[in-house]
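1. pasting the sequence and the predicted coordinates here, then a few questions.
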Amino acid sequence: MIPLGAYLAVAAALFLVGLVMVASRRNLVYVLMGLELILNAANLNLVAFDRFRPGAGVDGQITALFVIILAAAEAAIALAIVLNAFSLFETIRPDEMDTMKD
């Protein structure tokens, strides 16, 4: 059996990688991928804590499933926003998308 600390270490690594991707802001696709990694880290924590809870049911797994469904909807909407931003600004770099420059 894998100990709880191993799950938490993987979740922390996922969270840190996602946070670095969001903070670096090279382009909007990286930001979206970073947000998805952060959500996956939270899901891993939910499932891991649910597994090691005494008398555990499937509460953490059901909550993780809802988060996955919401993440899929968020990814679809965010991709539409990225495509719209690309058509308006002809770039996907967030630091170059400034309409107040002129």
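-> Sure, I can see it. Numbering: from 1, shown residues only.

2. helices or strands next to the helix or strand of the chain at the bottom of the mean pLDDT ranking in the packing?
-> The helix or strand with the lowest mean pLDDT-type score in the chain, counting by mean pLDDT, DSSP states H and E, is helix 59-89 (a mean of 89). Counting contacts by 3 or more C-beta pairs under 8 Å, 6 or more residues apart in numbering; DSSP states H and E, helix 59-89 is packed against helix 28-51. The C-beta positions use only the backbone N, C-alpha and C, and glycine is treated the same way.

3. elements contacting the helix it packs on?
-> So helix 28-51, by 3+ C-beta pairs under 8 Å, 6+ apart, packs with helix 4-24, helix 59-89.

4. circling back: and the least confident helix or strand of the chain with helix 28-51, angle?
-> Orientation of helix 59-89 against helix 28-51 (axes from the mean of the first three to the mean of the last three C-alpha atoms, to 10 degrees) gives an angle of 180 degrees.

5. report the buried residues of helix 59-89.
-> The neighbour-count criterion (16 or more other C-beta atoms under 10 Å) identifies 60, 64, 67, 71, 78, 82, 85 as the buried residues of helix 59-89.

6. list the contacts of the fifth one.
-> With contact taken as C-beta atoms under 8 Å, 6 or more residues apart in numbering, Ala78 is in contact with 28, 32, 35.
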